[in-house]
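Q: Provided below are the primary sequence and the corresponding predicted coordinates.
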Amino acid sequence: MKPRSEIKSELEGKSNRAFAFACVGIMQANPDSFSEDDISALQDPDRCKGIYDYRLPVLNAVASESLANDDEVMINKRQRYYRDVFELRGERFVITNNWFGRDCINRENRGPFLDWILSRTASPSA
């Protein structure tokens, strides 16, 4: 795996979608680095607040196999998750589409989330 600093630099200017699915790719490439408790934390609003400073769960478990339905991606009539379904540790999920970079004045959740993911992988910190 590339050094953390290189991964962070590569993802810096990516679109939210590209960022989200790059994170999914890191998690899928290192499934043993993420415990059942980690996966559970990513589905809990309170624990997500501590992980990436935003109360929206990163992951939403779904029954769909390829594209999620409205009930699986909508919260309060707003689409909050990408419809693309992916598998992690034998479960199917969608990932949030609510990401904010350093250029966002009030909140930045991309950096803390990526740091959390990378802290669980075997990649060097350089």
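A: Cool, got the structure.
Q: show me the helices in the chain, by range?
A: Per DSSP state H, the chain carries helices over the ranges 4-11, 16-29, 36-41, 45-52, 70-73, 110-120.
Q: Y81 - how many residues pack around it?
A: Burial of Y81 is recorded as 24 neighbouring residues (other Cβ atoms under 10 Å). Every C-beta, even on glycine, is put in place using the N, C-alpha and C of the backbone.
Q: please report how far it lies from S119.
A: Distance, Y81 to S119, using Cβ to Cβ, to the nearest Å: 24 Å.
Q: next one: R4
A: In terms of Cβ to Cβ, R4 sits 9 Å off from S119.
Q: wait, doesn't E72 sit right on V62?
A: Yes. Counting by Cβ atoms under 8 Å, E72 does reach V62; the two are 4.4 Å apart.
Q: what touches both of the two?
A: V94 (Cβ atoms under 8 Å, 6 or more residues apart in numbering).
Q: of the helices of the chain, which is nearest N97?
A: Of all the helices of the chain, helix 16-29 sits nearest to N97, with 6.0 Å by Cβ to Cβ.
Q: ok, residues contacting that closest one?
A: With Cβ under 8 Å, 6+ apart, helix 16-29 has contacts from 1, 7, 10-11, 14, 33-34, 82, 84, 86-88, 95-99, 110, 113-114, 117-118, 121.
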